[in-house]
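**Student:** Here is my input; please provide its structure:
(one chain, ligands or ions: 2)
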Amino acid sequence: RNRQPIIAIDGPAGAGKSTVAHQVAAKLKLVYLDTGAMYRAITWLVLQHGIKVDDECAIAELVSHYCIELTPSEDPLYSLTIMINGNNLNEEIRSVEVTSNVSAVASHKSVRQALVKQQQTWGQKGGLVAEGRDIGTHVFPDAEVKIFLNASIEERARRRQQDFQRQGEPEVSLEQLEKQIAERDWKDSNREVSPLQKANNAIEINTDGLTVSQVTAIIIQKYQHLISEL
Ligand code: CDP
Ligand code: CDP
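**Tutor:** Ligands and ions are numbered 1, 2, ... in the order given. Next comes the predicted model:
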């Protein structure tokens, strides 16, 4: 094999993909790639331009005019930062508005093709922990380790609520969060182009009642086991 291993982590919103992928990458000294941030960045751009989220033609045109780059950074760990025309949009892409529109934008074939191509370019050398919805099924179907993280909708809504509290954001009811998460999951699972799906050979972990360190430890153990068999 002429590349380093790849760990693919997929699953629905709030399953713990970002947090866990980050820790796994730090522990194994692999590069962390948050593909959701890429779909969020395009969504931010679409909203900035006042383009309707279902106008695929206008969105395809917009995507072709912007330089969406993955830039390696080493602070605090090896990760790829998403830049648009040289700007880091890390804060903007987490807004409520982006979150509620991202699934619609991410359903367009032209958007997915452009972003998947970039993800695969970075994957050529391997050494990645990539996290998203279609990593094990579509982006890196030959990843050495495929994980599907899951948790009940109640647990995922509770985690989001705690995240908001920690960030000092206005309180959103659990009921409302459950509704928003369920809606996004439904759109992500039912779109035509590479929907959210567990890959056949993925290891599913239900993270209800598990801590971040416990989930991280399970993945590292699976990784070491699978790598020793190659
Ligand atoms: O962290 P959170 O679960 O809120 O979302 P995210 O991972 O940042 O992803 C945001 C959205 O991007 C998802 O709801 C999907 O619509 C889309 N996405 C996708 O379609 N494919 C990926 N590989 C990653 C994200
Ligand atoms: O990326 P995704 O939407 O799947 O989840 P996230 O953005 O990583 O958010 C998960 C939240 O739940 C974070 O605040 C984590 O600290 C927390 N959490 C977790 O990720 N995994 C657990 N097993 C327990 C809690």
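**Student:** ranges for the strands of the chain?
**Tutor:** Ranges of strands in the chain, per DSSP state E, are 6-10, 31-34, 68-73, 79-84, 87-88, 128-132, 145-150, 203-206.
**Student:** Can you tell me which of those strands is nearest to residue 180?
**Tutor:** For these, the distance to residue 180 is smallest for strand 145-150, at 17.8 Å, taking CB to CB. (Each C-beta comes from the backbone N, C-alpha and C, glycine too.)
**Student:** The closest one - contacts with which helices or strands?
**Tutor:** Judged by 3 or more CB pairs under 8 Å, 6 or more residues apart in numbering; DSSP states H and E, strand 145-150 is in contact with strand 6-10, strand 203-206, helix 212-228.
**Student:** Could you show which parts of the chain are in contact with ligand 1?
**Tutor:** When proximity is defined by CB under 6 Å from any ligand atom, the chain lies next to ligand 1 at 13, 18, 35-37, 39-40, 102-103, 106, 132-134, 184, 188.
**Student:** got a list of what the spatially most central residue of the chain touches?
**Tutor:** What sits nearest the mean C-alpha location of the chain, by CA atoms, centre = their mean, is residue 132, with 3.0 Å. Residue 132 makes contacts with 9, 10, 17, 34, 35, 36, 139, as judged by CB atoms under 8 Å, 6 or more residues apart in numbering.
**Student:** Quick check: closest non-adjacent residue to the fifth one.
**Tutor:** So that's residue 35. Spatial nearest neighbour of residue 35, excluding adjacent residues (CB to CB, 6 or more residues apart in numbering): residue 132 at 3.6 Å.
**Student:** State the number of residues packed around residue 209.
**Tutor:** Residues within reach of residue 209, counting by other CB atoms under 10 Å, total 9.
**Student:** What's the separation between it and residue 188?
**Tutor:** Counting by CB to CB, to the nearest Å, the gap from residue 209 to residue 188 is 24 Å.
**Student:** distance between the helix-or-strand element of the chain with minimal mean pLDDT and the chain's centre?
**Tutor:** When the helices and strands of the chain are compared on mean pLDDT, DSSP states H and E, strand 68-73 comes out lowest with a mean of 82. The chain centroid and the centroid of strand 68-73 are separated by 15 Å under CA atoms, centre = their mean, to the nearest Å.
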